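**Student:** Provide a 3D model corresponding to the input given below.
(2 chains)
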Amino acid sequence: GQNIDQPTEMTATEGAIVQINCTYQTSGFNGLFWYQQHAGEAPTFLSYNVLDGLEEKGRFSSFLSRSKGYSYLLLKELQMKDSASYLCAPSGGSYIPTFGRGTSLIVHP
Amino acid sequence: DAGITQSPRHKVTETGTPVTLRCHQTENHRYMYWYRQDPGHGLRLIHYSYGVKDTDKGEVSDGYSVSRSKTEDFLLTLESATSSQTSVYFCAIAEIIGTDSNYGYTFGSGTRLTVV
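**Tutor:** The predicted structure is shown next:
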């Protein structure tokens, strides 16, 4: 089975930086996804980490440490539109990701 | 754009009735998935398919069946709907996403099903 732990809710101020942590335990490991989901919409792909280290994509970065079973999503220069749920999804031996319950990020002015 | 469409977008049905949800894709993707999403549980895999007539169970498959007679269509059937199956259902496909040639999962817009 797979266990995924991420905070339920976080709040931050527009223009700030926020880090959303995720710890996981999987049977095998083949990569970790981060998805963004706005209320009432489908999840959309943000990043995929296979190797340890930081992957940077514009305002969003994702970090992975396979030995620690740990990942984080870093969001810089927060905008109001970044208010959404962020889903951590490690992929185990089946290559099918298991999704965490998500972290609801609220960005306020 | 993976060209995924789900139908219907919304449905209300009565307990005990059969319900079929459809997922249609236009780009010949091999792998297709059905998830349900509920408050407090996140996305949970119901069934998936790795080709025509090739399907397998996910973690919450009880009460659901699937069929894939054509590459483009993946059908999810609730044989006898129960109130516990009230949920938002998402279909997904696996494809190469973004400029780094990583594979990822693209989701359809979802079907909101209410069983009364």
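**Student:** Flag every residue of chain B that's near chain A.
**Tutor:** When proximity is defined by CB under 8 Å from any CB of the partner chain, chain B lies next to chain A at B:33, B:35, B:40-45, B:48, B:58-59, B:90, B:97-98, B:100, B:102-110. In this view, the C-beta of every residue, glycine as well, is placed from N, C-alpha and C.
**Student:** what about the residue nearest to residue A:82 when sequence neighbours are not counted, how many neighbours?
**Tutor:** Take residue A:82 and drop its neighbours on the chain: the residue closest to it by CB to CB, 6 or more residues apart in numbering or on different chains is residue A:107, 5.3 Å away. Using other CB atoms under 10 Å in any protein chain shown, residue A:107 has 20 other residues around it.
**Student:** Now do the SS call for residue A:107.
**Tutor:** Of the three states, residue A:107 takes strand under DSSP: H, G, I helix; E, B strand; the rest coil.
**Student:** what bridges to it?
**Tutor:** Applying DSSP bridges to residue A:107 gives these bridge partners: residue A:12.
**Student:** Could you list which residues are in contact with it?
**Tutor:** Residue A:107 makes contact with A:11, A:12, A:13, A:14, A:78, A:79, A:80, A:82, A:83 under the criterion CB atoms under 8 Å, 6 or more residues apart in numbering or on different chains.
**Student:** The fourth one is in contact with residue A:83, isn't it?
**Tutor:** No. Distance between residue A:14 and residue A:83: 9.8 Å, which falls outside the contact criterion (CB atoms under 8 Å).
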